[in-house]
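S.K.: predicted model, plus sequence, below.
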Amino acid sequence: MRIPAAALDALRQARHVVALTGSGASAESGVPTFRDAQTGLWAQYNPLDLATPEAFLEDPALIWRWYRWRRELVAQAKPNAGHFALAALAERVPRLTLITQNVDGLHQRAGSDKVIEFHGNLFTERCFSEGIVVTDADHEAEVPKCSACGGMLRPGVVWFGEAIPETALEAATAATADCDLFLSIGTSSVVWPAAGLAAAARANNAVVIEINPDVTPQSGQSHFCLQGKSGEILPELLDYLTL
Ligand code: NAD
């Protein structure tokens with residue numbers, strides 16, 4: 001696509017870039033977004049109804065089956081050109097902070113380090129009642145139990161309606177307040193508080209660039225909307241910095 005010269009200039013001049021990614025950033029790796037219709041085994045379920053503490057309490061075995069299926073799907077997926085471009089971008093700008101709403105670990109597998117995982121990680125477990133992260137889960141059990149209290153273990157992700165881990169929220173808020181360029185990539189911008197970060201950056205005079213094939217509630221608030229796939233547009237932005 002033709003990227004506006006002013007957007008490219010903002011990138012070239014940026015002192016601190018914050019990139020916020022959503023599930024669209026992993027779509028080209030074959031990991032479905034939550035707004036895509038599910039296919040196959042899970043076609044009858046809406047992911048937005050499965051990713052809640054209420055759904056877990058109602059049927060923990062069902063939720064664990066869904067998360068095991070997602071773990072297998074992600075384990076087979078590979079980082080795409082967008083993940084690799086973001087990892088490379090960190091080497092080309094003075095400072096880059098990567099905040100992801102994704103729980104799939106694909107940024108890390110593409111070589112990004114110090115990723116702020118806003119919504120946790122799919123491959124971890126926490127005690128449902130105490131919240132502590134555990135490392136000795138019995139992966140054979142239908143619903144694994146906490147070895148300390150005997151309560152149920154849950155996937156270590158943040159479900160709808162739950163608070164963001166404090167360290168992730170603080171780090172993301174501080175980086176957003178400091179950045180001069182904010183990239184909103186592959187996110188529907190409807191899940192809070194992540195959806196508020198771009199507006200906070202803009203209020204602090206950062207340039208906001210959205211990368212998404214669709215229009216989102218963030219589009220009208222962005223200085224530039226690059227309409228297309230992140231696996232295509234991010235490599236183009238990177239190429240520009242290499243010229
Ligand atoms: P979302 O599912 O609400 O929205 C996805 C967005 O990605 C849409 O706006 C869509 O237009 C856009 N998109 C689709 N294909 C794209 C592409 N190739 N390039 C760029 N953009 C593309 O996702 P969300 O905003 O991240 O919110 C849902 C929550 O679900 C997330 O917070 C996350 O925790 C969780 N989730 C994570 C994963 C994952 O880890 N891969 C997958 C599904 C959901």
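M.R.: Cool, the structure landed. Remember, it's a predicted structure, so these values are computed and weren't measured experimentally.
S.K.: from here on, contacts and neighbour counts on C-alpha atoms
M.R.: Will do.
S.K.: tell me the pLDDT at the nearest residue to Phe34 once chain neighbours are set aside?
M.R.: Of all residues not flanking Phe34 in the chain, Pro47 sits nearest, at 5.9 Å (CA to CA, 6 or more residues apart in numbering). Among the per-residue scores, Pro47 shows a pLDDT of 89.
S.K.: go on, the one 3 residues further on?
M.R.: As predicted, Leu50 sits at a pLDDT of 92.
S.K.: repeat that for Arg35.
M.R.: Taking Arg35 on its own, its pLDDT is 81.
S.K.: buried residues in stretch 184-193, which are they?
M.R.: For stretch 184-193, burial by neighbour count (16 or more other CA atoms under 10 Å) applies to 184-189.
S.K.: do the longest helix seen in the chain and the ligand meet?
M.R.: The longest helix of the chain (DSSP state H) is helix 60-76. No - Helix 60-76 stays clear of the ligand (CA under 6 Å from any ligand atom), getting no nearer than 7.7 Å.
S.K.: let me know the closest of the buried residues of stretch 184-193 to His119.
M.R.: Taking CA to CA as the measure, His119 lies nearest Thr187 of those, at 13.1 Å.
S.K.: wait, what's in contact with the closest residue to that closest one other than its chain neighbours?
M.R.: Excluding its sequence neighbours, the residue lying closest to Thr187 (CA to CA, 6+ apart) is Gly22, at 4.1 Å. Shown in contact with Gly22 (CA atoms under 8 Å, 6 or more residues apart in numbering): 100-102, 185-188.
S.K.: pLDDT for those residues - can I get that in TSV?
M.R.: What follows is the contacts of Gly22, written out as TSV (pLDDT from 0 to 100):
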residue	pLDDT
Thr100	98
Gln101	97
Asn102	97
Ile185	98
Gly186	97
Thr187	97
Ser188	95
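S.K.: can you list the domain ranges for the chain.
M.R.: 1-30+79-119+164-243, 32-76+121-157 (automatic domain parsing).
S.K.: buried deepest among those, which one?
M.R.: domain 1-30+79-119+164-243 (a mean of 19; mean count of other CA atoms under 10 Å).
S.K.: can you list the low-confidence ranges for the protein?
M.R.: Counting by pLDDT under 70, the chain has low-confidence residues at 37, 40, 243.
S.K.: would you map the helices across it?
M.R.: Secondary structure of the chain (DSSP H): helices located at 5-13, 47-50, 53-58, 60-76, 81-92, 106-109, 166-178, 197-203, 230-242.
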